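**Q** would you be able to build a 3D model of this:
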Amino acid sequence: MKRFHASLLITTLAACATPAFAKGDIEAGKAKSVPCQACHGADGNAADPQYPRLAGQYHDYLERALREYKTGERKNPIMAGFATTLSEEDIVNVSAYFASLPGTKLTDLHDKVQGD
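**A** Below you'll find the model as predicted:
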């Protein structure tokens, strides 16, 4: 019985941690994310290491970051310029979109670096 409860708990936690539970309209977020793609990549996996990879990030982390750029709590003039144009709904949608994308695995990064 303990084994059943433990497996049920693990399954529930894993399911809740997946991007599928992200709030927001993923398609609307994709449409609004076009300016983001110049630096962060079309798939959210920036090729240039100076830009963060957004794909697969937690939606709540992305939402918080965008809100902080918008209010000036985070300092980056480029991101502030983009974030100030986003409504609260846009922030939720863009965050849901990037959270829904598959992130780059460390092994993929290793292979990419080795190939250079």
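
**Q** by mean pLDDT, flag the weakest helix or strand of the chain.
**A** Least confident helix or strand of the chain, by mean pLDDT, DSSP states H and E, is helix 2-16 with a mean of 56.

**Q** which element follows that one toward the C-terminus?
**A** helix 26-32 (DSSP states H and E).

**Q** and for that following helix, what are the contacting residues?
**A** 86, 89-90, 92-98, 100 (C-beta atoms under 8 Å, 6 or more residues apart in numbering). Every C-beta, even on glycine, is put in place using the N, C-alpha and C of the backbone.

**Q** following that helix, which helix or strand shows up next?
**A** Counting by DSSP H and E, the next helix or strand C-terminal to helix 26-32 is helix 37-40.

**Q** packing partners of that following helix?
**A** Of the remaining helices and strands, none touches helix 37-40 by 3 or more C-beta pairs under 8 Å, 6 or more residues apart in numbering; DSSP states H and E.

**Q** buried stuff in it?
**A** Neighbour-count burial for helix 37-40 flags 39-40 (criterion: 16 or more other C-beta atoms under 10 Å).

**Q** again, but for stretch 44-59
**A** By neighbour count on 16+ other C-beta under 10 Å, the buried set for stretch 44-59 is 44-46, 53-57, 59.

**Q** and that stretch, what's its mean pLDDT?
**A** Regarding stretch 44-59, the rounded mean pLDDT is 95.

**Q** only alpha carbons, please: show it as PDB.
**A** C-alpha atoms of stretch 44-59 as PDB (Å, rounded to 0.1, in the frame of the first residue of the first chain):
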ATOM      1  CA  GLY A  44      13.300  29.000 -28.000                       C
ATOM      2  CA  ASN A  45      16.700  27.400 -28.000                       C
ATOM      3  CA  ALA A  46      19.100  30.300 -28.600                       C
ATOM      4  CA  ALA A  47      22.200  29.400 -30.700                       C
ATOM      5  CA  ASP A  48      24.200  32.300 -29.200                       C
ATOM      6  CA  PRO A  49      25.100  31.600 -25.500                       C
ATOM      7  CA  GLN A  50      24.700  35.300 -24.600                       C
ATOM      8  CA  TYR A  51      20.900  34.800 -24.900                       C
ATOM      9  CA  PRO A  52      18.900  32.600 -22.500                       C
ATOM     10  CA  ARG A  53      17.200  29.500 -23.800                       C
ATOM     11  CA  LEU A  54      13.500  29.900 -23.100                       C
ATOM     12  CA  ALA A  55      12.200  26.600 -24.400                       C
ATOM     13  CA  GLY A  56      11.100  24.200 -21.700                       C
ATOM     14  CA  GLN A  57      11.400  26.800 -18.900                       C
ATOM     15  CA  TYR A  58       8.800  26.900 -16.200                       C
ATOM     16  CA  HIS A  59       6.000  29.200 -17.300                       C
END
